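*Asks:* this one's structure only:
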Ligand code: ASP
């Protein structure tokens, strides 16, 4: 395994399955996270240069559960606001003895940082619209929890795919498996990168895409990443692409519904979010276990 987790492509299929299996050790029979004092001498810095709820908190909780000291780096009150670059900022943390940096950044800076600071371990917690490897790991774990295996599954991803780092890392991760099918669906202007994908296919009609689906992942519109104003009629959008109970009726009865959060109830109805098919809240919990496994692997190597 590489020294850093910059992309899901840094992991082989075996690595992915090992991390997922390892993560299961951190959840007890009642679903609580085990607290293990495995790394009392390690310092982890959470450096988030974009908003986050689940990823940031779950990395902090995971690091605390492993006995690490955690620095919840507050970018808004840091010298970045005085014009300092991310390079000097992270180097300063490195000089102060931080062992591992969990980084979320709107731009692709993590590779260069990892090259410049080889003593520090870097874990990518979201790189612009490019990648989000730990999300892919927790998504794959959630699917395995419910379906045992990814082989043969029909998976549909619907929403604003062009801006979705969740989609790109998920696709890289699941390309290790022998899926039944992988269908990309959404407004054509939000799926330009997925019209002729390397794996899977694009289908503009959601009900057709959902036929026989085992796994459905819905994604919000990432307004913050659009370069020009989005002139969208939300009601038309919802009628075509919102995952409703009626549309979900085309999928298999035991299909699972996933969403990385935050949920806006444009891309999915509250009824589907709350339905028996929804595993969205389990994804959140799996995020802690996966991040405990990832931190253990990369702090221990
Ligand atoms: N939380 C996910 C991300 O950070 C998805 C989203 O923001 O819509 O990419």
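*Replies:* Yes, it's here. As the structure is a prediction and not an experimental result, all values here were calculated from the model.
*Asks:* only C-alpha atoms for contact and neighbour calcs from this point on.
*Replies:* Will do.
*Asks:* in the stretch 101-250 of the chain, which spans are strands?
*Replies:* 121-127, 154-158, 181-185, 201-202, 215-218 (DSSP state E, counting those that start in this stretch).
*Asks:* so which of those is nearest the ligand?
*Replies:* Shortest distance between the ligand and the strands of the stretch 101-250 of the chain, using Cα to the nearest ligand atom, is found for strand 121-127: 6.0 Å.
*Asks:* give me the contacts around the closest one.
*Replies:* Strand 121-127 is contacted from outside by 3-7, 55-56, 99-108, 110, 114, 131-134, 165, 298-299, using Cα atoms under 8 Å, 6 or more residues apart in numbering.
*Asks:* what about the residue nearest to residue 98 when sequence neighbours are not counted, neighbour count?
*Replies:* Among residues not flanking residue 98 along the chain, residue 43 sits closest, at 5.0 Å (Cα to Cα, 6 or more residues apart in numbering). Applying other Cα atoms under 10 Å, we find 20 residues neighbouring residue 43.
*Asks:* OK, contacts around residue 43?
*Replies:* Taking Cα under 8 Å, 6+ apart as the test, what residue 43 contacts is 68, 69, 70, 71, 97, 98, 99, 100.
*Asks:* are any of these buried, and which?
*Replies:* Among these, those classed as buried by 16 or more other Cα atoms under 10 Å are 68, 69, 70, 71, 98, 99, 100.
*Asks:* quick check: pLDDT value at the first one.
*Replies:* Here the pLDDT value assigned to residue 68 is 98.
*Asks:* that one reaches residue 45, doesn't it?
*Replies:* No. Using Cα atoms under 8 Å, residue 68 is not in contact with residue 45; the gap is 10.0 Å.
*Asks:* now do the shared contacts for those two.
*Replies:* Between them, residue 68 and residue 45 share no contacting residue, judged by Cα under 8 Å, 6+ apart.
*Asks:* tell me the residues of the stretch 201-301 of the chain that contact the ligand?
*Replies:* 220, 260, 261, 262 (Cα under 6 Å from any ligand atom).
*Asks:* those residues: which two are farthest apart?
*Replies:* 220 and 260 (9.0 Å; Cα to Cα).
*Asks:* mind putting the residues of the stretch 201-301 of the chain next to the ligand into CSV with neighbour count?
*Replies:* Shown next, in CSV, are those (neighbours: other Cα atoms under 10 Å):
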residue, neighbour count
220, 22
260, 22
261, 17
262, 11
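*Asks:* dump these to JSON lines, plus secondary structure, distance to residue 63 and pLDDT.
*Replies:* Putting these into JSON lines (DSSP: H, G, I helix; E, B strand; the rest coil; distance: Cα to Cα, whole Å; pLDDT from 0 to 100) gives the following:
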{"residue": "220", "secondary structure": "coil", "distance to residue 63": "28", "pLDDT": "97"}
{"residue": "260", "secondary structure": "coil", "distance to residue 63": "21", "pLDDT": "98"}
{"residue": "261", "secondary structure": "coil", "distance to residue 63": "21", "pLDDT": "96"}
{"residue": "262", "secondary structure": "coil", "distance to residue 63": "22", "pLDDT": "96"}
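*Asks:* quick one: the helices in this structure?
*Replies:* 13-24, 54-65, 86-95, 110-116, 133-147, 165-174, 206-210, 234-241, 245-248, 270-273, 280-300 (DSSP state H).
*Asks:* the longest one vs helix 54-65, what angle?
*Replies:* Using axes from the mean of the first three to the mean of the last three Cα atoms, to 10 degrees, one finds that helix 280-300 and helix 54-65 are set 50 degrees apart in direction.
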